[in-house]
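Undergrad: quick one: sequence and predicted model below, then my questions.
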Amino acid sequence: MWKIHIWKGPQRMLMMMKRYTRVGGAGVLLALGILLLYVIFWCSRKEPQPLQRLSYRPELFDIVKESIFTGFNNETGSKNGEYIIPNIIHFLFFGESRISYVAAVCVLAAFKNQHPEKILVHTDVDSFRGPHWEKLKNTPNLTIEVHKIQMPNEIFGQKINHVWHAGDVTRIKILMDYGGIFLDNDSYLVRSLDCFRKYEMALGLDENGYIGTQVLVAHKEARFLRLWLETYREYYPDLWYFNAGQKPALEILWHKPELVHSVRTLFGVHDLSQELYRQYNWKEWRNYHTIHLLIRHRHYLDSWWNFYWWPELNEINIHDYPMTFGQMARDVYDFK
């Protein structure tokens, strides 16, 4: 996301030029010199390059040699297309006792469009409260169960330094325990994922081939889950997304892509903030299976004008919110 902020530097340079030009010709020359140095700096600056694939480690794959999915074809799926993944949806809330409006929208979208047997909400808090939790509890035919878990503070003896990393590890373990569909709290399920329940595991890849962890569909014995967890034996606490999305792609899927059914676009794990929060009528959203809303990043992905008028999206102002997400939210929150 670093490109989003690239023009803040030039804006500061222009402000400095205005300041220096008030003091005469010397100030103008100084300002032009500063601007020239800045231009040289940006022209010589190299863009971040995609990470190179990690070397093949055959010993890593030994742990899945004896698997019920040995020889399974993740391109065609199960024989006769029968479902092998349970129709259970998982959400994870660490340290959140109040369910936000957007999270409630995503739970209701999953309920309306997937028709799951049940929705499991995993959390480390004692109880939920607030109007949106009441909305979920009182939604007819919605079976929602709260499963109390403990947030992990280490992985393979290494201290986990951030709640998001704890969530990355926990979602793997949840799927290894139950199987089913895991959704981030801001992942909007547009239409049924049943067509992916015939595979050992299905996940989304971004434009670089890295894993989008926001939507995961997996059998609890999926080989990739075990290998993914195993890659955390080398945990990099200071790298935000390396262990979750980059390392398993580079170390596992680039060598054995057949372990999963890859979805390049329709899981919506790439940046769709422009379409969601700046466009009035983006009809293509209905073509996706899921869309990651990036709601925690909206404060810098949206325009300053939109964010000024709608700093928070809720059940009240959503009725007048003209952008695409408004239509998506209204489509499910008032669902009866």
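TA: Great, that's in hand.
Undergrad: helices of the stretch 1-150 of the chain, start to end?
TA: For the stretch 1-150 of the chain, the helices defined by DSSP state H, counting those that start in this stretch cover 8-20, 25-44, 58-61, 101-114, 131-137.
Undergrad: would you single out the least confident of those helices?
TA: Mean pLDDT is lowest for helix 8-20 out of these, coming in at a mean of 46.
Undergrad: kindly report the domain assignment for the protein.
TA: Split into domains by automatic domain parsing, the chain comes to 58-263, 273-333.
Undergrad: can you redo the ones you listed as CSV with mean neighbour count and distance to residue 32?
TA: Every residue, glycine included, has its C-beta placed from N, CA and C. Formatted as CSV, those follow (neighbours: other C-beta atoms under 10 Å; distance: least, C-beta to C-beta, whole Å):
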stretch, mean neighbour count, distance to residue 32
domain 58-263, 18, 38
domain 273-333, 17, 29
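Undergrad: got those as JSON lines, with distance to residue 29 columns?
TA: Formatted as JSON lines, the domains of the chain follow (distance: least, C-beta to C-beta, whole Å):
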{"stretch": "domain 58-263", "distance to residue 29": "42"}
{"stretch": "domain 273-333", "distance to residue 29": "33"}
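Undergrad: grab the nearest non-local neighbour of residue 281.
TA: Nearest non-adjacent residue to residue 281, counting by C-beta to C-beta, 6 or more residues apart in numbering: residue 324, 7.1 Å away.
Undergrad: span of stretch 205-216 from start to end?
TA: End-to-end distance for stretch 205-216: 11 Å, by C-alpha to C-alpha, to the nearest Å.
Undergrad: contacts for it next, please.
TA: The contact list for stretch 205-216 (C-beta atoms under 8 Å, 6 or more residues apart in numbering) reads 50, 168, 171, 175, 181-184, 186-187, 201-204, 241, 244-246, 248-249, 253-254, 262-264, 267-270, 289-290, 292.
Undergrad: same deal with stretch 125-135?
TA: 93, 95-101, 103-104, 108, 121, 146, 148, 315, 333.
Undergrad: rerun that using 6 Å as the cut-off
TA: With C-beta atoms under 6 Å, 6 or more residues apart in numbering as the test, stretch 125-135 has contacts from 97-99, 101, 104.
Undergrad: likewise for stretch 258-272?
TA: 74, 199, 201-206, 212, 214-215, 223-224, 288-292.
Undergrad: mind checking which of these are in helices?
TA: Of the contacts of stretch 258-272, the ones assigned to helices by DSSP state H are 223-224.
Undergrad: what about the contacts of stretch 258-272, which are in strands?
TA: Judged by DSSP state E, the subset of those located in strands is 201-205, 212, 214-215, 290-292.
Undergrad: closest one of those to residue 274?
TA: Checking the ones in strands among the contacts of stretch 258-272 against residue 274 by C-beta to C-beta gives residue 291 as the nearest, at 12.5 Å.
Undergrad: name whatever forms a beta bridge with the closest one.
TA: Taking DSSP bridges as the rule, residue 291 bridges to residue 188.
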